[in-house]
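Colleague: Kindly return the folded structure for what I paste below:
(chains A, B and C)
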Amino acid sequence: MELTLPARQPFSLPTVIHSHGWIRLAPFEEIQDLVGFSYIDQLESGKVIELHIQEAPGGVLVSYSGSLNQTDHSEIARKIFWMLGLDQDFSTFYNLAQKEPRLAQVPGRAQGRVLRSPTLFEDVVKTICTVNTAWSGTIRMVNNLVNLFGASLPADESRRAFPLPASIAASDEATLRSQAKLGFRAPYVLELSRKVAAGDLDLEALKAADIPTSQLRQRLLEIKGVGDYAVANLLMLLGHYDYIPVDTWAVKMVSNEFYNGEPVNRTQVEAAFESWGEWKGLAYWFWDWNNA
DNA sequence: GGTAGACCTGGACGC
DNA sequence: GCGTCCAGGTCTACC
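Modeller: Sure, this is the predicted structure:
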């Protein structure tokens, strides 16, 4: 089956795919020949399917197989729309970016969208797995979670969807430490999964929450394991760009770019992009650091 | 409010 | 092969 979804222009699927490292985390898989990607998803009906997404005139083409009903098709469309931010409007940011040489490439490359997982739960878990570890560690942790707790694709049982909150919630801290190799993140992911599974935390409602960024930030900071860096990363994924995800890389790059290599702190990193206001996070994210 | 130390793992390095 | 050191954010206790 195929589904064509329109995207607000300008749009570039490769640009979204390479907007950050998410494409390298299971169950995403980049497909070079297709100039697109695949994603294994467990639908609300419980069915596990593989989605293939490639660019099409005016938007994207989504291909998949399986015995699906209209509810399933609608769910797939809704998820892809969210994952790729197909309706996001960056025209205001583009107008500002054109006046800054280090961001002049942004409109032409259709930069702005950041690849998302279908659920905020998945993005929060993955973000926690980026904390205090090398990228190779993040890939390993997410792979372990998918392989241990994800539902299998019927056609290929070695390939799995990202686990549902209930699946992780049914586990225990020792398993998450020893088998998923989450280390000190194990209690954070377990507590999050149990709260979401029990209905005590409705993460998905935050996607559409019409509240100020500061309030949204406060809600996300209540999640154990989510600190200043993680919350800024999650806000970016949610389409709020008022904060910069300051990690060691950001400190290094901003120090070299704006402070002559002098040591800088988080406040100084934020200050370097203060003039970008609500677009601060995007200005930092797509800044052409190599154009020195 | 600010700071120090613990948390955990893998990789780099020296022996 | 083994041991040591270091990088990577967040939490907690303490001042």
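Colleague: can you tell me which residues contact the residue of the stretch 51-200 of chain A found nearest DNA strand B?
Modeller: When distances are taken as C-beta to the nearest atom of the strand, the stretch 51-200 of chain A reaches nearest to DNA strand B at A:G183, 2.7 Å away. Where C-beta positions appear, they are placed from N, C-alpha and C, glycine not excepted. A:G183 makes contacts with A:T133, A:R177, as judged by C-beta atoms under 8 Å, 6 or more residues apart in numbering.
Colleague: and what of A:E50?
Modeller: A:S38, A:Y39, A:I40, A:D41, A:Y64, A:S65, A:L153, A:A155, A:R159.
Colleague: so it sits in a strand?
Modeller: Yes - counting by DSSP: H, G, I helix; E, B strand; the rest coil, A:E50 is located in a strand.
Colleague: Look at the residue nearest to it when sequence neighbours are not counted and give its secondary structure.
Modeller: Leaving aside its sequence neighbours, A:E50 sits nearest to A:I40 (C-beta to C-beta, 6 or more residues apart in numbering; 5.2 Å). Taking three-state DSSP as the rule, one finds A:I40 in the strand state.
Colleague: Could you verify my assumption that A:I40 touches A:A161?
Modeller: Yes - contact status for A:I40 versus A:A161: in contact at 4.7 Å, counting by C-beta atoms under 8 Å.
Colleague: Can you check which residues contact both of those two?
Modeller: In contact with both A:I40 and A:A161: A:P27, A:V48, A:G150, A:L153, using C-beta under 8 Å, 6+ apart.
Colleague: where does the stretch 51-200 of chain A come near DNA strand C, residue by residue?
Modeller: With C-beta under 7 Å from any atom of the strand as the criterion, the stretch 51-200 of chain A comes near DNA strand C at residues A:V131, A:N132, A:T133, A:A134, A:G137, A:F184, A:Y188.
Colleague: could the residues you listed go into CSV alongside neighbour count, secondary structure and pLDDT?
Modeller: Listed next are those as CSV, based on neighbours: other C-beta atoms under 10 Å; DSSP: H, G, I helix; E, B strand; the rest coil; pLDDT from 0 to 100:
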residue, neighbour count, secondary structure, pLDDT
A:V131, 18, coil, 93
A:N132, 14, coil, 91
A:T133, 16, coil, 90
A:A134, 9, coil, 88
A:G137, 16, helix, 89
A:F184, 10, helix, 91
A:Y188, 22, helix, 94
